[in-house]
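K.L.:
The sequence and its predicted three-dimensional model are supplied below.
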Amino acid sequence: MAPRLQRGRLRLVEPSPRPTNEGDEVAATPITDERAEAKRPPETSRVPKGSRSAFADLPDAQLVGLGAEGDVQALEILYRRHAAFAINLATRIEGSPRDVEDIVHDAFLRAFERLRDLTDRAAFRGWLGSIVVHAVRSRMRRGKLLNLLGLGRASEPVDLDAIASPEASPHVRAQLAQIYALLRTLPSDERIAWTLRCIDGHELEAVAGLTRCSLATVKRRITRAQRFLDEHFVDPTGKEEPVSKEVDR
């Protein structure tokens with residue numbers, strides 16, 4: 001039997017401090033500050049210099065309320081506050097930053113168009129995350145169909161620099177490369193659930209929210225993915241180290 005992967009060795013990027021906004025349930029370390037700041041919020045005008053100060057400290061719930069009424073400055077603050085999280089989330093699932101900014105840009109567009117539908121306004125980050133996850137899932141499924149029809153493009157290599165901490169050892173990076181190669185052979189739903197839980201480190205309840213499915217379904221998907229990895233993963237160094245994940249907690 002193949003060695004089992006230890007969860008701690010898969011948490012390759014340290015999580016950032018949990019957001020202070022009430023209701024924000026998920027957080028992730030930004031990949032780059034430059035990418036988060038480079039793009040303007042979708043379809044919003046540039047906010048005059050200095051005019052953001054009155055909005056910068058507002059909680060998400062108030063910004064969502066203002067944004068739902070068409071306030072451009074509130075939308076910009078929401079974008080800047082959560083863009084790095086969204087980019088990081090999509091990149092971890094994909095294993096590559098290719099097309100991620102377009103996915104995130106479209107996700108913000110959908111979110112801003114549907115702000116009035118968000119009943120728990122303080123939970124904007126988790127809600128946005130579910131939109132990002134759904135968009136990545138759709139892209140994966142479309143890519144698999146195109147490949148089946150012979151119309152797809154070559155898979156993008158795993159970009160370890162985009163998903164691993166600079167402090168990650170060569171051993172951990174080699175593990176990560178193999179894990180992503182194996183994950184790409186799994187059904188999209190199992191791959192996404194396992195990645196959110198075991199690589200991004202979200203609690204099971206958060207994974208259920210991000211994937212818009214029940215807790216029981218999430219557990220089944222993670223279990224199936226873990227079983228597959230247990231059967232096929234081979235430690236690059238030949239060390240017999242456990243690499244497993246407890247699904248019930």
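P.N.:
Yep, it's here. Numbering: from 1, shown residues only.
K.L.:
Just the C-alphas of the host helix or strand of Asp106, formatted as PDB.
P.N.:
Asp106 is part of helix 100-113, with elements assigned from DSSP states H and E. The C-alpha trace of helix 100-113 is given here as PDB (Å, rounded to 0.1, in the frame of the first residue of the first chain):
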ATOM      1  CA  VAL A 100      -7.500  32.600 -13.100                       C
ATOM      2  CA  GLU A 101      -7.800  36.400 -13.200                       C
ATOM      3  CA  ASP A 102     -10.500  36.100 -15.900                       C
ATOM      4  CA  ILE A 103     -12.400  33.600 -13.800                       C
ATOM      5  CA  VAL A 104     -12.200  35.900 -10.700                       C
ATOM      6  CA  HIS A 105     -13.200  38.900 -12.700                       C
ATOM      7  CA  ASP A 106     -16.300  37.200 -14.000                       C
ATOM      8  CA  ALA A 107     -17.100  35.900 -10.500                       C
ATOM      9  CA  PHE A 108     -17.000  39.500  -9.100                       C
ATOM     10  CA  LEU A 109     -19.300  40.600 -12.000                       C
ATOM     11  CA  ARG A 110     -21.800  37.900 -11.100                       C
ATOM     12  CA  ALA A 111     -21.600  38.700  -7.400                       C
ATOM     13  CA  PHE A 112     -22.100  42.400  -8.000                       C
ATOM     14  CA  GLU A 113     -25.100  41.800 -10.200                       C
END
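K.L.:
what helices or strands is the helix or strand harbouring Ala181 leaning on?
P.N.:
In this structure, Ala181 is located in helix 170-183 according to DSSP H and E. Helix 170-183 sits against helix 7-10, helix 160-163, helix 215-232, with contacts defined as 3 or more CB pairs under 8 Å, 6 or more residues apart in numbering; DSSP states H and E. Bear in mind the C-beta positions are built from the backbone N, C-alpha and C, glycine included.
K.L.:
Go through those helices and name the closest to Arg110.
P.N.:
With CB to CB, the closest approach to Arg110 among the helices and strands packed on helix 170-183 belongs to helix 215-232: 22.7 Å.
K.L.:
Next up, the contacts around Val104.
P.N.:
The contact partners of Val104, taken as CB atoms under 8 Å, 6 or more residues apart in numbering, are 83, 86-87, 90, 132.
K.L.:
The lengthiest helix in the chain packs against which elements?
P.N.:
Longest helix in the chain by number of residues (criterion: DSSP state H): helix 124-148. In this structure, helix 124-148 makes packing contacts with helix 60-68, helix 72-94, helix 100-113, helix 188-194, helix 204-211, judged by 3+ CB pairs under 8 Å, 6+ apart.
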